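Engineer: I'll drop the sequence and a predicted model, then ask my questions.
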Amino acid sequence: MTNKTTWFEEIWSPEGSSFSLEVSELLHTEQSDYQKIDIYKTTHWGNLMVLDGCYMVTDRDNFLYHEMMTHPVLFTHPDPKKVLVIGGGDCGALKEVLKHPTVKEAWQVEIDERVTRVSEEYFPDLCDSNNDTRANFYFGDGIAWLKERPANSLDVIIIDSTDPVGPAAGLFNREFLGECLRALNTNGVLVQQSESPLFHSNTLIKDLHTELKAAGFTSLKTLPFPQPIYPSGWWSCTMASKDLDVTQFRASDAENKVFDTQYYNYGIHLGALCTPEFMKKALD
């Protein structure tokens, strides 16, 4: 692709849709122990990471996902100090977590270390908090790591996983989610990426709600948000807690946040809590 402009297309066959980005150069390619990692230079979206042929992150729009996967759940918890990110190898979620001054300890547990090392080279902005003294890294199986974690030891768990296939499949079932609940302290909150509201409300999102309830979570809320490079251009995260009403959050702190964001603010958080009618019907 060097010296020639072409298009990289991700086809989403189950819904008869696709999305393309104009690319000018293949910057990096490798086969890790877990997946194929490709980095492209695009003409308008900065660098693009592709895992096993699926879009993961671009310079242009990653802030939408990373901010919505972190700030709503962190402002929902009354005083988040200890935070776990499972997955999130590009380090974007970790960066947003560490913007919160209450956080004293953050763990990123990612199965594929190569995703992080490649991100450090091609997405340095996402990794610019990796040397924060509060940041801790473990490269290995997040399910196994969590089982060894003491009960009541975490305030927030962020499951920043890929689609529920391969190593990520185990992150969507009640057994794993029950381990999350065990590890969460009083008032603990979990958030899980939950795919497209348009494509998956009747399937994955509904099933995730069922699994969360079976695991012992009692308050659930799926928050939609835009994400252009993912199937349908519309994505979501699902928050859950046993002790808190996840529709309530520290509104004053969110409205007067002490750090910069590109998308998230108090009004965005409030609006994301409004469930579209078709989703209400799917989740009833």
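Structural biologist: Nice, I can see it.
Engineer: list the buried residues of stretch 175-193.
Structural biologist: Applying a neighbour-count criterion of 16 or more other C-beta atoms under 10 Å, one finds 176-185, 187-193 buried in stretch 175-193. Yep, even glycine has a C-beta here, placed from its N, CA and C like the rest.
Engineer: I'd like the mean pLDDT over that stretch, please.
Structural biologist: In this model, stretch 175-193 carries a mean pLDDT of 97.
Engineer: one more: stretch 105-112?
Structural biologist: 97.
Engineer: now, which of the buried residues of stretch 175-193 lie within strands?
Structural biologist: 184-185, 187-193 (DSSP state E).
Engineer: residue 126 - that's part of a helix, no?
Structural biologist: No - checked against DSSP: H, G, I helix; E, B strand; the rest coil, residue 126 lies outside a helix; its state is coil.
Engineer: now it: phi and psi?
Structural biologist: phi -70, psi -20 (degrees, to the nearest 10).
Engineer: separation between it and residue 144?
Structural biologist: As judged by C-beta to C-beta, to the nearest Å, residue 126 and residue 144 stand 26 Å apart.
Engineer: compare those two (neighbour count), which wins?
Structural biologist: A count of neighbours by other C-beta atoms under 10 Å puts residue 126 above the other of residue 126 and residue 144, at 25 against 12.
Engineer: which residue is the nearest non-sequential neighbour of that one?
Structural biologist: Once flanking residues are discounted, residue 126 sits nearest to residue 92: 4.3 Å by C-beta to C-beta, 6 or more residues apart in numbering.
Engineer: from residue 207, how far out is that neighbour?
Structural biologist: Taking C-beta to C-beta, one finds residue 92 at 26 Å from residue 207.
Engineer: between those two, which has more neighbouring residues?
Structural biologist: residue 92 (25 against 15).
Engineer: where does the stretch 101-250 of the chain dip in pLDDT?
Structural biologist: Scanning the stretch 101-250 of the chain with the threshold set as pLDDT under 70 gives 162-170.
Engineer: helices of that one, start to end?
Structural biologist: 113-122, 142-147, 174-183, 197-200, 206-215 (DSSP state H, counting those that start in this stretch).
Engineer: so what does the third one touch, helix or strand wise?
Structural biologist: Same thing as helix 174-183. helix 142-147, strand 154-160, strand 184-193, helix 206-215 (3 or more C-beta pairs under 8 Å, 6 or more residues apart in numbering; DSSP states H and E).
Engineer: same thing with the first one?
Structural biologist: Packing contacts for helix 113-122, counted by 3+ C-beta pairs under 8 Å, 6+ apart, involve strand 17-31, strand 36-42, strand 47-51, strand 135-139.
Engineer: list the buried residues for it?
Structural biologist: Those would be 113-116, 118-119, 122, for helix 113-122 by 16+ other C-beta under 10 Å.
Engineer: swap in the fourth one?
Structural biologist: Applying a neighbour-count criterion of 16+ other C-beta under 10 Å, the buried positions in helix 197-200 are 197-200.
Engineer: what's the local residue count around residue 265?
Structural biologist: Neighbours of residue 265 (other C-beta under 10 Å): 15.
Engineer: can you pull the phi/psi pair for it?
Structural biologist: Dihedral angles (degrees, to the nearest 10) for residue 265: phi -160, psi -180.
Engineer: and the one 3 residues further on, by the same measure?
Structural biologist: Dihedral pair for residue 268: phi -60, psi -40, per degrees, to the nearest 10.
Engineer: which residues touch it?
Structural biologist: Counting by C-beta atoms under 8 Å, 6 or more residues apart in numbering, residue 268 touches residue 225.
Engineer: nearest to residue 239, out of the helices and strands packed on helix 174-183?
Structural biologist: Nearest to residue 239 among the helices and strands packed on helix 174-183 is strand 184-193 (4.9 Å), distances taken as C-beta to C-beta.
Engineer: partner strands of that closest one, parallel or antiparallel?
Structural biologist: Strands adjacent to strand 184-193 in the sheet, as given by DSSP bridges, are strand 154-160 (parallel), strand 234-241 (antiparallel).
Engineer: many thanks, have a good one.
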